[in-house]
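Chemist: A predicted structure for the sequence below; I have some questions about it.
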Amino acid sequence: MKRICIIGNSNLGAFFKYISLFNTKNLSFLIISAKNIKKNLSSNTKLIYISNQNNEKFNRDAYKIIKKFNPNKVILFYTRKINSLIFKNFRTINIHNSFLPNYKGLHALKRSYKDNVKLIISSSHYVSEKFDSGKIIHQIATPVKKNYFSFFKNVSFFQRVVLLEALINFKKNNSFSIINNETIICPGLGKKKINFKFWKKF
């Protein structure tokens, strides 16, 4: 059974959407949240709340919990700095809503929207000392069909969902996948062409 640790300080909407859409029966999740989320959880998901008023203390407390859990991967939905105590001891990955190395840091999606980009792109990358600068693992790109920020937000939300699937169940046999004939993820998800029903919602 794969053990996945999620660290976040949001409502973790993309994570909960992921577990509602994909098969997670062979997965065990530990959520360490800086937000006191009230949600009914499945038996394979445990949530621990830690206040992040002091970021150093948050990291120390999180590290102790992660060490006991011994995850295969740590995936971040966390906008503050994770220190080396975590990313040097565990394979730690961040999902960032931009075409890295462009638009590093906060508000990346809003900045790319203001620049009138033609593609909405999200990246997953290993966490390193420098913010949003670790080795890139996956990138996913969707054409801009509606020039509204709400469209950008909806697309980036589902890109995070798909990137989670890629990170958790990565298959090396495809260099890329085309999702619903418009979105490209590289490396792929095991098939050249994939149709997701949920992808049509936006």
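Modeler: Arrived safely.
Chemist: same for the lengthiest helix in the chain, what does it pack against?
Modeler: If you go by DSSP state H, the chain has its longest helix at helix 149-168. Judged by 3 or more CB pairs under 8 Å, 6 or more residues apart in numbering; DSSP states H and E, helix 149-168 is in contact with helix 13-21, strand 73-77, strand 92-96, helix 108-114, strand 119-126, strand 136-143, strand 183-186. (Glycine included, C-beta is placed from N, CA and C.)
Chemist: Need the residues that contact stretch 81-89.
Modeler: 7, 55-56, 59-60, 62-63, 66-67, 74, 76, 92, 126-129, 131 (CB atoms under 8 Å, 6 or more residues apart in numbering).
Chemist: Show the buried residues in the residues you listed.
Modeler: 7, 59, 62-63, 66, 74, 76, 92, 127 (16 or more other CB atoms under 10 Å).
Chemist: For the residue nearest the centre of the chain, list each beta-bridge partner.
Modeler: With the centre of the chain defined as its mean C-alpha position, the nearest residue by CA atoms, centre = their mean is Ile95, 3.8 Å away. As for beta bridges, Ile95 partners with Ser124 under DSSP bridges.
Chemist: Now do the contacts for it.
Modeler: The contact partners of Ile95, by CB under 8 Å, 6+ apart, come to 14, 75-77, 122-124, 160, 163-164, 167.
Chemist: Nearest to Glu182 among the residues you listed?
Modeler: Taking CB to CB as the measure, Glu182 lies nearest Ser122 of the contacts of Ile95, at 14.7 Å.
Chemist: Pull the number of nearby residues for the closest residue to that closest one other than its chain neighbours.
Modeler: Take Ser122 and drop its neighbours on the chain: the residue closest to it by CB to CB, 6 or more residues apart in numbering is Gln159, 4.1 Å away. Using other CB atoms under 10 Å, Gln159 has 27 neighbouring residues.
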